[in-house]
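Participant: everything below, folded, please.
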Amino acid sequence: MPKQAINAVRSYLHQQVLGQPELVEGLMMALLADGHILVEGPPGLAKTRAVKSLARCIEGRFHRIQFTPDLLPADLTGTDIYRPQDGSFVFQPGPLFHHLLLADEINRAPAKVQSALLEAMGEHQITIGRKSYQLPELFLVMATQNPIEQEGTYPLPEAQLDRFMLHLQLDYPDAATELAILRLNHDENRHAQEAEPPRLSQQDLFTARKAVLEVALAPAVENYLVALVMATRRPAAYDAELGRWLAYGASPRATMALARCARVRAWLAGREFVTPDDVQHCVYPVLRHRLLLSMEAEADGIDSNQVIERLLQRVVAA
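Facilitator: Okay, the predicted model is just below:
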């Protein structure tokens, strides 16, 4: 059954990635909601390990791209190769044609390279010259960026940030988890042969995605979800401080992403309906990268998480 296969993969990831439950749940949510994920955190927090562990479980191809300032768009999309033997051009697909893609330190590449992902993430296709090429039906991008070192980086433009369904922020684990990580690493070094990961076929994944869409979203919860997004566009109507802090709110893409993720959370919990708690849980990773804060917010030391917390206090579920 698809549900059993999904739960097996989920449990396996929690065993492989210790101390980062939000990362594991975010990956599963993006996988089931057919979205992309941006992960921000210091080095060494198992970001690469998480997506590689997921790739071992899924029927498909995985590729990692290290973004650097000298990367070219063709390094992602592929290019036409000239064949001198018959005088023709043959398209050589790039890394974007894999099923799971890790875009490591995406903010180290210039805008022209970052923008090469826009069409791929939004339309599941890329265009070379006058011809477009379809990407696989299963196509998930996990991009990472380091919030500590900003020298030589290129901030992602708002248009590209909006293409990511989720934005996760990771922090260091506590002492007990750090000890568990140390012991897990030692055991893996002692035993070269890894445990066999569970297998999830693409057909089971697509069946699970259809099941997620059947999760009921009651009108009252729909209205609550829409009210949260609308409050980001007219914040002064809800709170004077919110009006000072928010320069621009979230787009309709955020509304659709929030509904999709809330359905995934309810489905993973074994429920056939979405609750306001599902919406409140998902609103942080869905909205935090879509809110453009004002100069006043920066001066006050306010970040997106604090703005979302204030939104949840002001917008009450029916």
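Participant: start to end distance for stretch 156-165?
Facilitator: For stretch 156-165, the first-to-last residue distance is 14 Å (CA to CA, to the nearest Å).
Participant: pLDDT averaged over that stretch - what is it?
Facilitator: Confidence for stretch 156-165, expressed as mean pLDDT, is 84.
Participant: now do it: distance to the chain's middle.
Facilitator: With CA atoms, centre = their mean, to the nearest Å as the basis, stretch 156-165 stands 11 Å off its chain's centre.
Participant: could you do stretch 287-303 as well?
Facilitator: On CA atoms, centre = their mean, the centre of stretch 287-303 falls 21 Å from the chain's centre.
Participant: buried sites along it?
Facilitator: 287-291, 293-294, 297, 302 (16 or more other CB atoms under 10 Å). C-betas here are computed from N, CA, C, even on glycine.
Participant: which parts of the stretch 151-300 of the chain are helices?
Facilitator: 158-161, 175-190, 202-213, 219-233, 240-245, 252-268, 276-287, 295-300 (DSSP state H, counting those that start in this stretch).
Participant: contact partners for residue 206?
Facilitator: 137-138 (CB atoms under 8 Å, 6 or more residues apart in numbering).
Participant: and if you look at residue 64?
Facilitator: So residue 64 contacts 48, 52, 101-102, 104 (CB under 8 Å, 6+ apart).
Participant: which stretch of helix or strand covers residue 143?
Facilitator: strand 140-145 (DSSP states H and E).
Participant: tell me what the helix or strand of the chain with the lowest mean pLDDT is packed against?
Facilitator: Across the helices and strands of the chain, mean pLDDT, DSSP states H and E gives its lowest value to helix 158-161, namely a mean of 79. In this structure, helix 158-161 makes packing contacts with helix 116-123, judged by 3 or more CB pairs under 8 Å, 6 or more residues apart in numbering; DSSP states H and E.
Participant: report the residue spans of the stretch 151-300 of the chain with pLDDT below the cut-off.
Facilitator: For the stretch 151-300 of the chain, the stretches flagged by pLDDT under 70 are 151-152, 192-194.
Participant: if we go to 80?
Facilitator: By pLDDT under 80, the low-scoring segments of the stretch 151-300 of the chain are 151-155, 157-160, 191-195.
Participant: run through who's touching stretch 42-60.
Facilitator: 9, 12-13, 16-20, 23-24, 27, 31, 39, 41, 62, 64, 98-100, 102, 104, 136, 138, 142, 144, 146-148, 170-173, 197-202, 205.
Participant: show me what counts as buried in that stretch.
Facilitator: Buried, per 16+ other CB under 10 Å, within stretch 42-60: 45-51, 53-58, 60.
Participant: so what's the gap between it and the chain middle?
Facilitator: For stretch 42-60, the distance to the chain centre is 13 Å (CA atoms, centre = their mean).
Participant: could you export it as PDB, CA atoms only?
Facilitator: C-alpha atoms of stretch 42-60 as PDB (Å, rounded to 0.1, in the frame of the first residue of the first chain):
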ATOM      1  CA  PRO A  42      24.800  26.300   9.100                       C
ATOM      2  CA  PRO A  43      27.100  23.600   7.600                       C
ATOM      3  CA  GLY A  44      27.000  20.100   9.000                       C
ATOM      4  CA  LEU A  45      23.300  19.800   9.900                       C
ATOM      5  CA  ALA A  46      22.700  16.800   7.600                       C
ATOM      6  CA  LYS A  47      21.000  18.700   4.800                       C
ATOM      7  CA  THR A  48      22.900  16.700   2.100                       C
ATOM      8  CA  ARG A  49      22.500  13.500   4.100                       C
ATOM      9  CA  ALA A  50      18.800  13.900   4.300                       C
ATOM     10  CA  VAL A  51      18.100  14.300   0.600                       C
ATOM     11  CA  LYS A  52      20.600  11.500  -0.300                       C
ATOM     12  CA  SER A  53      18.900   9.200   2.200                       C
ATOM     13  CA  LEU A  54      15.600  10.100   0.500                       C
ATOM     14  CA  ALA A  55      17.000   9.400  -2.900                       C
ATOM     15  CA  ARG A  56      18.100   5.900  -1.800                       C
ATOM     16  CA  CYS A  57      14.500   5.100  -1.100                       C
ATOM     17  CA  ILE A  58      12.800   6.400  -4.200                       C
ATOM     18  CA  GLU A  59      12.700   4.900  -7.700                       C
ATOM     19  CA  GLY A  60      14.600   7.600  -9.700                       C
END
